[in-house]
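Enquirer: With the input below, show me the fold.
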Amino acid sequence: MSSSPRLDRQPRSSGLAAALNAAREAERVGRHAVAREHYESALRLYRNDPVAAPAELLRRIGCTHHAEGNGEAALDCYIASLAAAEAAGDRAAIAGTLNCLGHVLQAWGRLDQAEAHYRKAARTAGSIGDLRLVATALRGLASLARTRGELDLAAEWLRRALARSRAAGDAAGVARTFADLGAIHAELGDWAAAESNFEECETHAERADDALTLARLANHRTALYIWRGELDRAFASCETAFRLANRLGAQLLLGTVHKNYGIIHRERRRYELAEPHLLKAAEIAERCSSPLLAGAAQQELAHLYRSLDRDRDALLALTYAHRVFRDLRAQRSLADVGERIRELEELYFQVVRRWGESIESKDRYTAGHCERVADYACALARRVGFDEQTLTWFRMGAFLHDVGKVVVPPEILNKEGPLTAEEWEIMRSHTLAGVELLSSLEFPWDLRPMVRSHHEHWDGSGYPDGLSGQMIPLSARILCVADVYDALTSTRAYRPAYSPREALRIMAGDAGRIFDPVLFEIFRELMEERLAAGTAAVQGPGGTGA
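Expert: I've put the predicted structure just below:
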């Protein structure tokens, strides 16, 4: 990081000068703990000085914590720095610390709060004509806009930042701005403009001896080459980014580098190399409290696990990523997070569908059962008022309602005669086994009541808990109707399939005993409408019909 002009203006003893020089040299080579010790020594020498230099030293100490990924310690230092700067009336120190606070809050996903700090920093720095600090704040605003998907606004902030960095003669600031502009052009698919900006960045970063910006540049180029499918160039650039980021001890940047390594290895089908890098990215994100990196790393892990047919691991990664992106959306943090969530939902559905089909493969009489039940159940759920977002997850629960049958031996599932009492007990165990299998999967919508309770009966005669009436979860009551209807209209070892109207007639006799009578009447009305239209198939969201 660049030295502080405020500190450079202070009268200093030889001991103070030595401490500051040693701190800056240690920072330059990524020895942040050593730099912190020297800054703290300098702070002790300043303890009786009435000027605002202690505020700058507290800020520098905070920067060493932030570089190591310790946001909590950095935040404490920045708050103390801001208080000292405000007490001294030093607007340059105030603006510098506000920018640093913005960086921490942005890393934590608190984008609205970060924006407020960047805007205040820009106003404060502008009031004293400090163009370098104004440009820093504008780059922060650009980064927020880019995160929110507002690329045109981000580019405009960067153009303003570039003009101010140039006017201030700040080569490092110019380099950082060109790096960010190049990244935006890359996202827009304007490869030529991206490369041109990256070349400008490299020229100015080398002139300023700014290793951190060179590391970020290499990381941006890695992403560009991945998007273009130039994996050899991406790998070479990733190696450069890793070497520089590792030397500087820049933890969050290292996390992104590991994510890019994982993507490159996955695209090369070197899955055994991809997973450790993506797990390392996720670990760094967790340690540094970076939800954006954490969500991205888990999303990439989900893609990897799907390629490896590790469905359960894919679901775990997807649920984590979905929770992160959902929380960010709740903070109005990401304008484009809806698209990312829709992508995750589609991945969820593909994995769940494949898992459901793998369950059915054990039972030769239930091929297509999960999908048909999901179709019928979703149609009924929609009729009783479930919204489309809820239906997405309800459908997945319907697909997985029999997941516990993986514990039931195939000879019992496929037995053509009646089950013995012992065999029936094993068959009944599939509801609790299914809940156990799903226990560590944090779906955005709780699927477990559907899995556990879809064999409960309205009169309390079902299993596994003997629930009755409205004590049975609504999702399970809906599923029970759909499950029995499909069972009756499908061929079994011990009988042929009933026609749709025969099945509805049989089920009517059990309304109020097995089924919620109100739900059954709604379902019968729905099916009669379908039959009158010439088809008994029911179309659910994302389904193909029975």
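Enquirer: going forward, measure contacts between C-alpha atoms and count neighbours the same way
Expert: Fine.
Enquirer: Kindly list the longest helix within this structure.
Expert: Assignment by DSSP state H gives helix 337-360 as the longest helix of the chain.
Enquirer: pLDDT on it, on average?
Expert: The pLDDT scores in helix 337-360 average 71.
Enquirer: What of stretch 244-257?
Expert: Rounded mean pLDDT across stretch 244-257 is 94.
Enquirer: next one: that stretch to chain centre, how far?
Expert: Offset of stretch 244-257 from its chain centre (C-alpha atoms, centre = their mean, to the nearest Å): 20 Å.
Enquirer: do stretch 117-132 as well
Expert: Centroid separation for stretch 117-132 versus its chain: 33 Å, with C-alpha atoms, centre = their mean.
Enquirer: before we move on, what about stretch 274-284?
Expert: For stretch 274-284, the distance to the chain centre is 14 Å (C-alpha atoms, centre = their mean).
Enquirer: ditto for stretch 112-119
Expert: Offset of stretch 112-119 from its chain centre (C-alpha atoms, centre = their mean): 22 Å.
Enquirer: Kindly report the same for stretch 274-292.
Expert: 11 Å.
Enquirer: For that stretch, buried residues please.
Expert: Using 16 or more other C-alpha atoms under 10 Å as the test for burial, stretch 274-292 gives 274-285, 287-292.
Enquirer: just to revisit the earlier point, just checking, what packs against the longest helix of the chain?
Expert: Helices and strands touching helix 337-360, by 3 or more C-alpha pairs under 8 Å, 6 or more residues apart in numbering; DSSP states H and E, are helix 311-330, helix 369-383, helix 388-399.
Enquirer: Quick check: which of these is nearest to residue 415?
Expert: With C-alpha to C-alpha as the criterion, residue 415 lies closest to helix 369-383 of these, at 17.4 Å.
Enquirer: low-confidence ranges in the protein?
Expert: Scanning the chain for pLDDT under 70 picks out the ranges 1-14, 47-52, 329-341, 359-367, 440, 442, 444, 492-494, 535-546.
Enquirer: Please work out which of the helices and strands packed on helix 337-360 is packed deepest.
Expert: Ranked by mean neighbour count under mean count of other C-alpha atoms under 10 Å, these are led by helix 369-383, which reaches a mean of 25.
Enquirer: surely residue 477 meets residue 449?
Expert: No - counting by C-alpha atoms under 8 Å, no contact exists between residue 477 and residue 449, whose distance comes to 9.9 Å.
Enquirer: who's more crowded, the two?
Expert: Neighbours were counted for residue 477 and for residue 449 using other C-alpha atoms under 10 Å; residue 477 has more, 28 against 18.
Enquirer: how close does that one get to residue 137?
Expert: Distance, residue 477 to residue 137, by C-alpha to C-alpha, to the nearest Å: 55 Å.
Enquirer: As JSON lines, the helices and strands packed on helix 337-360 with distance to residue 44 would be great.
Expert: Formatted as JSON lines, the helices and strands packed on helix 337-360 follow (distance: least, C-alpha to C-alpha, whole Å):
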{"stretch": "helix 311-330", "distance to residue 44": "41"}
{"stretch": "helix 369-383", "distance to residue 44": "68"}
{"stretch": "helix 388-399", "distance to residue 44": "58"}
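Enquirer: Quick check: which of these is nearest to residue 302?
Expert: Nearest of those (C-alpha to C-alpha): helix 311-330, 4.4 Å.
Enquirer: The stretch 351-500 of the chain: helices as residue ranges?
Expert: 369-383, 388-399, 410-413, 421-428, 430-438, 448-453, 474-488, 500-508 (DSSP state H, counting those that start in this stretch).
Enquirer: For the shortest one, buried residues please.
Expert: Right, helix 410-413. Quick answer for helix 410-413 (16+ other C-alpha under 10 Å): 412-413.
Enquirer: so which of the helices and strands packed on helix 337-360 gets nearest residue 484?
Expert: The closest of the helices and strands packed on helix 337-360 to residue 484 is helix 369-383. By C-alpha to C-alpha, the value is 8.8 Å.
Enquirer: So for stretch 149-157, what gets flagged as buried?
Expert: 149-151, 153-155, 157.
Enquirer: Let's see which of those end up in helices.
Expert: Going by DSSP H, the helices hold 151, 153-155, 157 from those.
Enquirer: Farthest pair within those residues?
Expert: Using C-alpha to C-alpha, the two most remote members of those are 151 and 157, lying 9.9 Å apart.
Enquirer: and of the buried residues of stretch 149-157, the nearest to residue 315?
Expert: Nearest to residue 315 among the buried residues of stretch 149-157: residue 149, at 26.3 Å, using C-alpha to C-alpha.
Enquirer: Quick check on the closest one: phi, psi?
Expert: phi 90, psi 10 (degrees, to the nearest 10).
Enquirer: and what of residue 418?
Expert: When read as degrees, to the nearest 10, the backbone of residue 418 gives phi -70, psi 150.
Enquirer: Same question for residue 68.
Expert: As for residue 68, its main-chain torsions (degrees, to the nearest 10) stand at phi -80, psi 0.
Enquirer: nearest residue to it other than its sequence neighbours?
Expert: Residue nearest to residue 68 in three dimensions, not counting chain neighbours: residue 251, with 5.7 Å by C-alpha to C-alpha, 6 or more residues apart in numbering.
Enquirer: What is the burial count for the one you found?
Expert: Residue 251 has 21 neighbours, counted by other C-alpha under 10 Å.
Enquirer: residue contacts, it?
Expert: 67-69, 245, 284, 288 (C-alpha atoms under 8 Å, 6 or more residues apart in numbering).
Enquirer: picking that back up, report the inter-axis angle for the longest helix of the chain versus helix 311-330.
Expert: Orientation check (axes from the mean of the first three to the mean of the last three C-alpha atoms, to 10 degrees): helix 337-360 against helix 311-330 gives 160 degrees.
Enquirer: Of all the helices of the stretch 351-500 of the chain, which one comes closest to residue 95?
Expert: Residue 95 lies closest, by C-alpha to C-alpha, to one member of the helices of the stretch 351-500 of the chain: helix 388-399, at 43.3 Å.
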